[in-house]
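Dropping the sequence and predicted coords here.
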2 protein chains.
Amino acid sequence: MPNLHLHHLENSRSFRTLWLLEELGLEYQLTQYDRKNGLAPDSLEQAHPMGKAPVLEITFDDNSQSDLTLIESGHIINYLLAKYDPDYQLHPKVDADSETWRDYDFWMQFAEASAMPPLVMRLVFSKVVERSPKLVRPITKHVRKQVETSMIGKNINKVLSLIERHLSENQWFAGSEFSGADIQMAFVVEAANARSGKGGGLDQNKYVNTLNFLNRCQARPAYQKAVEVGGKLDF
Amino acid sequence: MPNLHLHHLENSRSFRTLWLLEELGLEYQLTQYDRKNGLAPDSLEQAHPMGKAPVLEITFDDNSQSDLTLIESGHIINYLLAKYDPDYQLHPKVDADSETWRDYDFWMQFAEASAMPPLVMRLVFSKVVERSPKLVRPITKHVRKQVETSMIGKNINKVLSLIERHLSENQWFAGSEFSGADIQMAFVVEAANARSGKGGGLDQNKYVNTLNFLNRCQARPAYQKAVEVGGKLDF
């Protein structure tokens, strides 16, 4: 068996990797990092020059392959499932004519390409307000409000509506079975839940299927083990 | 043959779809949209509630399948190649042990998950400055500078370094053969080129392999046909 070494940053996308490693029942070594002023510490750059988590290092004892250093949480999900899920328990086989595969592939992309950017931008603008000197804060607040109204808020609402509609018709993101796409998307739902409704979370009436999905994820033993090992997501 | 109908927005990610349709030699119907104040027009929401381009509608004349409405440019690349590239000319077969597949899958994710967000954020902050009243512009400029220094600029530099290093060792993003990952990443390189060096583009000495890659893309007949049909990318 190859050795897997995960570089895990608290409250970050590396939670996805941790959770999937637990779902697959794989053994791994863990290095834990704390955030500094909300950002990844510089020490993560020693694991990979991008300086972000997750970083997954893989070494092959039998020298059958060169060592790998993988980044990008969505890619790591695809890699781990291609390598360690040969019976397609947690991901579908590529098939353009299968709705399950199309949904799987779509949500794997959508999570970071369309859903996370406005959520991250909301966070950046709230930090800008928070860190601006008192005297100019009315101006930075005004700027934030304008961008929130014209772009960020609109986009987040569209994202959440699409998610809610899909989950009102499907148990999981790729249909009736739990898959890697749920791990990819659960992080989005947790981030949206933390950054909506002025801290009160997503509207329980409007997003009932989305919140039920999150509850089902959090009830999984592998999710709970990941929390135990790497800490609870707390945005 | 199914009917393909692409909703294409000028200067947008739908250029990727257009280019790939040309690479695959597929016939398609095109509806073209112009930007309004830089944003997608509301009319795109009639094609898909997300209101973004690309939207690819697929109808099956023989009723063999339900009609599809696909969004997310990376997913559309994966779909079109799964469906219309059975000989793996433009994408590799899934294989965790193959460097070609790992590279392909990595860059497909990296383009929108890590590379585009800081480029989009740079654009948003420059719009904020541009649209702020003269009296408060020194303040919005100062805010932009702080975010640029502490985060955006750093991230873009890391992204560009990773790209340049990879292309100094590989002809294309997935190794020695042109693939869908190049279509996905070329858009990133064009956006970075437009939003760097105060309008002068990427440093020609520092990013020689990246710029050579872009030239090779632009020299492809399918790229040129896409420009002819849908307009040149002009950020």
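Thanks, I have it.

Without its sequence neighbours, what residue ends up closest to the residue nearest in space to the middle of chain A?
When C-alpha atoms, centre = their mean is applied to chain A, the residue found nearest the centroid is residue A:187 (3.5 Å). Spatial nearest neighbour of residue A:187, excluding adjacent residues (C-beta to C-beta, 6 or more residues apart in numbering or on different chains): residue A:16 at 5.6 Å. For glycine as for every other residue, the C-beta is placed from the backbone atoms N, C-alpha and C.

Pull out the buried positions in the lengthiest strand in chain A.
When chain A is parsed with DSSP state E, its longest strand is strand A:3-9. Neighbour-count burial for strand A:3-9 flags A:4, A:5, A:6, A:7, A:8, A:9 (criterion: 16 or more other C-beta atoms under 10 Å in any protein chain shown).

for those, which one is nearest chain B?
residue A:4 (12.8 Å; C-beta to the nearest C-beta).

For the residue of chain A most remote from its centre, give me the backbone phi and psi.
What lies farthest from the middle of chain A is residue A:135; by C-alpha atoms, centre = their mean that is 36.4 Å. Backbone torsions of residue A:135, given as degrees, to the nearest 10, read phi -60, psi -40.

all helices of chain A, in order?
Under the criterion DSSP state H, chain A contains helices at A:14-23, A:73-84, A:99-110, A:116-131, A:137-147, A:153-169, A:180-194, A:208-218, A:221-230.

Residue ranges of each domain in chain A, please.
Domain ranges of chain A: A:3-86, A:99-220, per automatic domain parsing.

Nearest approach to residue B:76 belongs to which of those?
Of all these, domain A:99-220 sits nearest to residue B:76, with 9.1 Å by C-beta to C-beta.

First-to-last residue distance for the closest one?
Using C-alpha to C-alpha, to the nearest Å, one end of domain A:99-220 lies 25 Å from the other.

Kindly report the same for stretch A:65-73.
22 Å.

cool, stretch A:56-70 as well?
Stretch A:56-70: ends 5 Å apart by C-alpha to C-alpha.

a markdown table please, covering the domains of chain A and showing mean pLDDT.
What follows is the domains of chain A, written out as a markdown table (pLDDT from 0 to 100):
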| stretch | mean pLDDT |
| --- | --- |
| domain A:3-86 | 96 |
| domain A:99-220 | 94 |
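
Using JSON lines, lay out the ones you listed together with distance to residue B:215.
Formatted as JSON lines, those follow (distance: least, C-beta to C-beta, whole Å):
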{"stretch": "domain A:3-86", "distance to residue B:215": "26"}
{"stretch": "domain A:99-220", "distance to residue B:215": "26"}
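
out of the ones you listed, nearest to residue B:111?
Closest to residue B:111 of these is domain A:99-220 (C-beta to C-beta; 8.2 Å).

ok, back up a step: now do the residue nearest to residue A:187 against chain B, distance only.
According to C-beta to the nearest C-beta, to the nearest Å, residue A:16 and chain B sit 12 Å apart.

Report the separation between the residue nearest to the centre of chain A and chain B.
Residue A:187 is 12 Å from chain B, where distance means C-beta to the nearest C-beta.

can you check residue A:151 too?
Remark: distance between residue A:151 and chain B (C-beta to the nearest C-beta) = 7 Å.

same thing with residue A:160?
11 Å.

can I assume that residue is in contact with residue A:209?
No. Counting by C-beta atoms under 8 Å, residue A:160 sits too far from residue A:209 to count as a contact (11.0 Å).

So which of the two has more stuff around it?
The neighbour comparison of residue A:160 against residue A:209 (other C-beta atoms under 10 Å in any protein chain shown) goes to residue A:160, with 21 against 17.

Contacts only, for the more buried one.
Applying C-beta atoms under 8 Å, 6 or more residues apart in numbering or on different chains, one finds that residue A:160 lies in contact with A:192, A:196, A:202, A:207, A:210.

my read: the first one touches residue A:120, true?
Translated: residue A:192. No. Under the criterion of C-beta under 8 Å, residue A:192 is not in contact with residue A:120, lying 11.3 Å apart.
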